[in-house]
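# can't give you the sequence, but here's the structure:
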């Protein structure tokens, strides 16, 4: 049954029996027979086959998320059994956006690696939506995300920043590319603003703002040092700061491998402290025509 479920998911993903058989390393007749056995068990046809490949029937679409969940659960079980209760072997996979992977996770993962040097840690940086998709597909044990159910990891805020001495009223926005969590907040809370640059990394956004090319919405964690050293200033705006609590998403403590449980303990215990807010701020009026002034 488990093999048939795996074959079913492959056909749904590859859209043809031929491609699915190739990925499963079985012959096409063997894969077709496996799907037929599954259809006999569930009592419904799962695919319509035509010139352009295999498409899910209504029954197949209803079964697919459960089949994927079953495949992920079996893979996790095999990993847990292989590791038993030992912490001298194993692997932990964690993903998140740029703020998490650049500023929050590395110091905690360093602590974990010193304590458990034989456990491999796989860190993947990607837009949060893609990280959640990878988690749902069983490719990650944890995701640090600003949305979704999970344990509270740490509070963060998104703030508006500019170069010292700049007049924020006259500058366009330096925006992250679409798909990033901060860009989604900008589109929601600052609709219609002029975007001068659209960039893909925190470092390029900060560098452009420091050069006076625009203002930017960015995680307070990511600009804490720049604010303290005066390389950037926080712009006062009635729409900011934007609260952005970050959560540690996983499938439940009882479903974590021994290595993943150990990492969870350290992640929740040693998450970095929120940065200080004692720094210069300048005012950006919500409506045009106001004056910018330092406080």
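Yes, it's here. Predicted model, so just to flag it, every value in this text is computed and none were measured.

# Measure how far stretch 22-33 is from the centre of its chain, please.
Relative to the chain's own centre, stretch 22-33 is displaced by 34 Å; criterion: CA atoms, centre = their mean, to the nearest Å.

# what's the answer for stretch 92-104, then?
8 Å.

# Same check on stretch 71-80?
From the chain centre to the centre of stretch 71-80 is a distance of 21 Å (CA atoms, centre = their mean).

# ok, residue 132 touching residue 142?
No - counting by CB atoms under 8 Å, no contact exists between residue 132 and residue 142, whose distance comes to 11.2 Å. Quick note: C-beta positions are derived from backbone N, CA and C, even for glycine.

# Of the two, which one has the most company?
Higher neighbour count among residue 132 and residue 142: residue 142, with 26 against 19, using other CB atoms under 10 Å.

# For the more buried one, which non-adjacent residue is spatially closest?
Of all residues beyond its chain neighbours, the one nearest residue 142 is residue 94 (4.3 Å), with distances taken as CB to CB, 6 or more residues apart in numbering.

# Kindly provide the distance from the one you found to residue 41.
Noted for residue 94: a distance of 36 Å to residue 41, by CB to CB, to the nearest Å.

# what's near enough to touch the residue nearest in space to the middle of the chain?
With the centre of the chain defined as its mean C-alpha position, the nearest residue by CA atoms, centre = their mean is residue 128, 2.7 Å away. For residue 128, the set of contacting residues under the criterion of CB atoms under 8 Å, 6 or more residues apart in numbering consists of 96, 97, 143, 145, 146, 147, 180, 181.

# List the residues that contact the first one.
Residues touching residue 96, when contacts are defined by CB under 8 Å, 6+ apart, comprise 104, 105, 125, 126, 128, 131, 143, 144, 145.

# helices or strands up against the helix or strand containing residue 208?
Counting by DSSP states H and E, the secondary-structure element that holds residue 208 is helix 202-210. Packed against helix 202-210, as judged by 3 or more CB pairs under 8 Å, 6 or more residues apart in numbering; DSSP states H and E, are the following elements: strand 173-176, strand 195-199, strand 216-219, helix 220-229.

# Check whether residue 173 really touches residue 191, as I assumed.
No - the pair residue 173 and residue 191 does not pass the contact test of CB under 8 Å, sitting 11.5 Å apart.

# When these two are compared, which one has more neighbours?
Using other CB under 10 Å as the criterion, residue 173 and residue 191 rank with residue 173 on top: 21 against 7.

# How about the secondary structure of the spatially closest residue to residue 28 that is not a sequence neighbour?
Excluding its sequence neighbours, the residue lying closest to residue 28 (CB to CB, 6+ apart) is residue 21, at 4.4 Å. Recorded secondary structure, residue 21: helix (DSSP: H, G, I helix; E, B strand; the rest coil).

# Okay, residue 21 and residue 9: tell me how far apart.
The separation that residue 21 has from residue 9, given CB to CB, amounts to 13 Å.

# Do a quick rundown of the strands in the stretch 1-150 of the chain.
With DSSP state E, counting those that start in this stretch as the criterion, the stretch 1-150 of the chain has strands at 47-50, 53-56, 91-96, 120-125, 142-145.

# Tell me which of the ones you listed is the most buried.
Taking mean count of other CB atoms under 10 Å as the contact definition, the stretch among these with the greatest mean neighbour count is strand 142-145, which reaches a mean of 25.

# Mind checking what helix or strand follows that one in sequence?
Counting by DSSP H and E, the next helix or strand C-terminal to strand 142-145 is strand 151-154.

# okay, and the helix or strand of this protein with the least pLDDT?
strand 281-283 (a mean of 57; mean pLDDT, DSSP states H and E).

# Compile the helices and strands packed on helix 202-210 into CSV and extend it with columns for distance to residue 164.
CSV is the format used below for the helices and strands packed on helix 202-210 (distance: least, CB to CB, whole Å):
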stretch, distance to residue 164
strand 173-176, 16
strand 195-199, 19
strand 216-219, 14
helix 220-229, 10
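
# Ranking those by mean neighbour count, which comes first?
The highest mean neighbour count among those, using mean count of other CB under 10 Å, belongs to strand 216-219: a mean of 26.

# Pairing partners for it, with directions?
According to DSSP bridges, strand 216-219 forms sheet pairs with strand 157-162 (antiparallel).

# Let me see the mean pLDDT of the strand it pairs with.
Taken as a whole, strand 157-162 carries a mean pLDDT of 97.
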